[in-house]
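>>> kindly return the folded structure for what I paste below:
(chains A and B)
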Amino acid sequence: ETGVTQTPRHLVMGMTNKKSLKCEQHLGHNAMYWYKQSAKKPLELMFVYNFKEQTENNSVPSRFSPECPNSSHLFLHLHTLQPEDSALYLCASSLNPGQGSEAFFGQGTRLTVV
Amino acid sequence: DAKTTQPPSMDCAEGRAANLPCNHSTISGNEYVYWYRQIHSQGPQYIIHGLKNNETNEMASLIITEDRKSSTLILPHATLRDTAVYYCIVRVSTDKLIFGTGTRLQVFP
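Predicted coordinates:
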């Protein structure tokens, strides 16, 4: 248990569906991250939020839309996804964006797009 | 771009020390060495990090060479639960975590 909770743990969605992934942490952290891990590939950083402001978007397609309403919650809104978007989506948080803060990861949401 | 080089896989007998090497020959003076691991289908877990000096915590030891161009993560008494992919990451403290392909450690009975 890392203190970072992701829901749902598993999600199957059609290409025309709209769904959202949720991440929450009550560790008092100020930075939150979305990562994507496709089969047999390294983790890819998608988005970074520092103090609720998006500070990085790693050329992620617009069918992925993040939202950070407060420092404790992070969402990833999904719409018109493709089968190749099937992956493990991981959320992480750290105390501060820098200062060498270690990152705590959630268990991930296993997404399958059919 | 990952700034580190790790062997793709290693084996270790249960109860023995697991020594995982990492090369980071282009490391800058202000970059730290971080280690994370990922047990199958779970999120990565922080293990340890260091700048110049060797570090030890309840999970592992980190040995950094004097020229800082390589390091070794040591799990002193590996257990089956230590089977995972181990990532060595080099970054400045203000930078985000970028993962490479890591070393898949298999601990066998």
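>>> run through who's touching the helix or strand bottoming out on mean pLDDT in chain A.
The helix or strand of chain A with the poorest confidence is strand A:53-57; it has a mean of 89 (mean pLDDT, DSSP states H and E). With contacts defined as C-beta atoms under 8 Å, 6 or more residues apart in numbering or on different chains, strand A:53-57 is touched by A:L45, A:M46, A:F47, A:V48, A:Y49, A:P66, A:C68, A:P97, B:K96. Using the backbone N, CA and C atoms, a C-beta is placed for each residue, glycine as well.
>>> ok, and the most crowded of the residues you listed?
Counting neighbours by other C-beta atoms under 10 Å in any protein chain shown, A:F47 leads the contacts of strand A:53-57 with 23 neighbours.
>>> beta partners for it?
A:W34, A:N57 (DSSP bridges).
>>> need the contacts of strand A:53-57 in a markdown table with distance to B:T65, can you?
Shown next, in a markdown table, are those (distance: C-beta to C-beta, whole Å):
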| residue | distance to B:T65 |
| --- | --- |
| A:L45 | 28 |
| A:M46 | 34 |
| A:F47 | 35 |
| A:V48 | 31 |
| A:Y49 | 36 |
| A:P66 | 39 |
| A:C68 | 40 |
| A:P97 | 29 |
| B:K96 | 25 |
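>>> and the residues you listed as a markdown table, adding pLDDT and distance to B:T83?
Output for these, formatted as a markdown table (pLDDT from 0 to 100; distance: C-beta to C-beta, whole Å):
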| residue | pLDDT | distance to B:T83 |
| --- | --- | --- |
| A:L45 | 93 | 25 |
| A:M46 | 96 | 28 |
| A:F47 | 95 | 31 |
| A:V48 | 92 | 30 |
| A:Y49 | 93 | 33 |
| A:P66 | 97 | 33 |
| A:C68 | 96 | 35 |
| A:P97 | 68 | 32 |
| B:K96 | 77 | 27 |
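>>> got the residues of chain B near chain A?
Taking C-beta under 8 Å from any C-beta of the partner chain as the criterion, chain B approaches chain A at residues B:2, B:32, B:34, B:36, B:41-46, B:49, B:92-102.
>>> make a ChimeraX selection of the buried ones in these.
With 16 or more other C-beta atoms under 10 Å in any protein chain shown as the criterion, this ChimeraX line picks the buried residues out of the residues of chain B next to chain A:
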select /B:2,32,34,36,42,43,44,45,46,49,96,97,98,99,100,101,102
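>>> strands - which of the residues of chain B next to chain A land there?
Using DSSP state E, B:Y32, B:Y34, B:Y36, B:Q45, B:Y46, B:H49, B:V92 are the members of the residues of chain B next to chain A that sit in strands.
>>> tell me which of those residues is nearest to chain A?
B:Y46 (4.2 Å; C-beta to the nearest C-beta).
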